[in-house]
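Q: got a sequence here, can you build the structure:
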Amino acid sequence: EVINMGDLVLGREQFRELDQVAWTAKAGFGLGVGAIALIFVVLVVWCCCRRHHQQSNAAVTVRETEV
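A: From the prediction side, this is the model:
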């Protein structure tokens, strides 16, 4: 019975460790997805700003050549 109790305790400890690993994995996965989403948003905004900047530069160039 003592051995069984020891196995139960060991099993519980291992389960707790597995639970911590699972939580860590979930947290890491969440952070990874969040980071990717953030990078994606930054890239989209940056591209839009660049395109807008290029268009306004082109408009200025056209106006200068007309004059």
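Q: next one: stretch 22-30 to chain centre, how far?
A: 12 Å (C-alpha atoms, centre = their mean, to the nearest Å).
Q: actually stretch 46-55, sorry about that
A: 24 Å.
Q: SS state for the spatially most central residue of the chain?
A: Residue closest to the average C-alpha location in the chain (C-alpha atoms, centre = their mean): Ala35, at 2.2 Å. Local secondary structure at Ala35 is given as helix here, using DSSP: H, G, I helix; E, B strand; the rest coil.
Q: if I pick it, what's in contact with it?
A: Applying C-beta atoms under 8 Å, 6 or more residues apart in numbering to Ala35 gives no contacts. Yep, even glycine has a C-beta here, placed from its N, CA and C like the rest.
Q: stretch 24-40 - what's its average pLDDT?
A: In this model, stretch 24-40 has a mean pLDDT of 93.
Q: only C-alpha atoms, please: export it in CSV.
A: Extracted as CSV, the C-alpha positions of stretch 24-40 are listed here (Å, rounded to 0.1, in the frame of the first residue of the first chain):
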residue,chain,number,x,y,z
THR,A,24,3.3,27.4,-20.4
ALA,A,25,2.7,26.1,-23.9
LYS,A,26,-0.7,27.8,-24.1
ALA,A,27,0.8,31.1,-22.9
GLY,A,28,3.7,30.8,-25.3
PHE,A,29,1.4,30.0,-28.2
GLY,A,30,-0.8,33.0,-27.3
LEU,A,31,2.2,35.3,-27.1
GLY,A,32,3.4,34.0,-30.4
VAL,A,33,0.1,34.5,-32.1
GLY,A,34,-0.2,38.0,-30.6
ALA,A,35,3.3,38.9,-31.7
ILE,A,36,2.6,37.7,-35.3
ALA,A,37,-0.7,39.6,-35.4
LEU,A,38,1.1,42.7,-34.1
ILE,A,39,3.9,42.5,-36.7
PHE,A,40,1.2,41.9,-39.4
